Structures are given as structure tokens and as C-alpha cells.
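> sequence-free structure coming up:
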């Protein structure tokens with residue numbers, strides 16, 4: 001091995017060790033960056049669960065039931081035009 005090759009190998013080892021020392025910090029930052037995404041998925045799942053009718057919501061719907069309007073109310077068979085008299 002020549003001196004140039006040995007210096008190149010030592011330089012490569014230094015670069016690899018320097019990069020390897022940064023890996024744990026980079027992984028920790030990646031995990032910290034993923035936490036808001038995980039929280040957003042949790043909130044989305046919670047919101048989707050809320051869309052199913054619950055007992056309290058069903059009681060409110062029964063309490064405030066709106067009857068569907070009928071189009072025949074107040075009209076006779078002869079009066080089918082939409083104009084107001």
C-alpha cells in the first residue's frame with residue numbers, strides 16, 4: 001500500500017465515523033418530526049368515529065323531528081300552479 005492509499009483509507013474512515021455519529025441525532029429528529037403526523041392521524045380517527053350516531057345525538061334528532069313539507073297542503077286539486085294569488 002502506498003502512502004496515498006493509506007491516507008485515503010484513513011480519510012474515508014474519518015468521514016464514515018463522522019457520519020455515523022450523526023445518525024442517532026438524525027433518527028431522533030425524524031421521529032420528532034413524525035409525532036405531529038401521528039397526532040393528526042389520531043385526531044382524524046377520532047373525528048371519523050364521531051360521525052356515527054350516538055345515543056345523545058339520536059335523542060336530539062327524535063326530540064326535534066321535522067316533518068317533511070307536503071306540497072298538497074293548502075292547495076286544492078284545481079290549483080296546481082306555483083303562482084301566488
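Looks like it came in fine. This is a predicted model, so every value here is computed, not measured.

> any idea of the pLDDT on residue 56?
Model confidence at residue 56, given as pLDDT, is 58.

> my bad, should have said residue 5
94.

> for burial, what's the neighbour tally of residue 44?
10 (other CB atoms under 10 Å). Yep, even glycine has a C-beta here, placed from its N, CA and C like the rest.

> what strand or helix carries it?
helix 3-50 (DSSP states H and E).

> what about this structure, any weak spots by pLDDT?
The chain contains residues with pLDDT under 70 at 52-85.

> if you set the cut-off to 80 instead, what comes out?
For the chain, the stretches flagged by pLDDT under 80 are 50-85.

> any idea how far residue 2 is from residue 8?
9 Å (CB to CB, to the nearest Å).

> who has more neighbours, these two?
residue 8 (12 against 7).

> how far away is that one from residue 19?
16 Å.

> what's the local residue count around residue 12?
10.

> cool, residue 19 as well?
10.

> please apply the same query to the one 4 residues further on.
The number of residues packed around residue 23, counting by other CB under 10 Å, is 9.

> likewise the one 3 residues further on?
The burial metric for residue 26, expressed as a neighbour count using other CB under 10 Å, is 10.

> please apply the same query to residue 40.
10.

> for residue 28, same thing?
10.

> residue 16 now?
10.

> now do the contacts for it.
By CB atoms under 8 Å, 6 or more residues apart in numbering, residue 16 lies in contact with nothing.

> what about it, distance to residue 9?
11 Å.

> what's the answer for residue 35, then?
Residue 35 is 40 Å from residue 9, by CB to CB.

> ok, now residue 27?
Counting by CB to CB - residue 27 and residue 9 are separated by 27 Å.

> go on, residue 1?
8 Å.

> and residue 2, its phi and psi?
phi -90, psi 170 (degrees, to the nearest 10).

> against residue 16, how distant is it?
21 Å.
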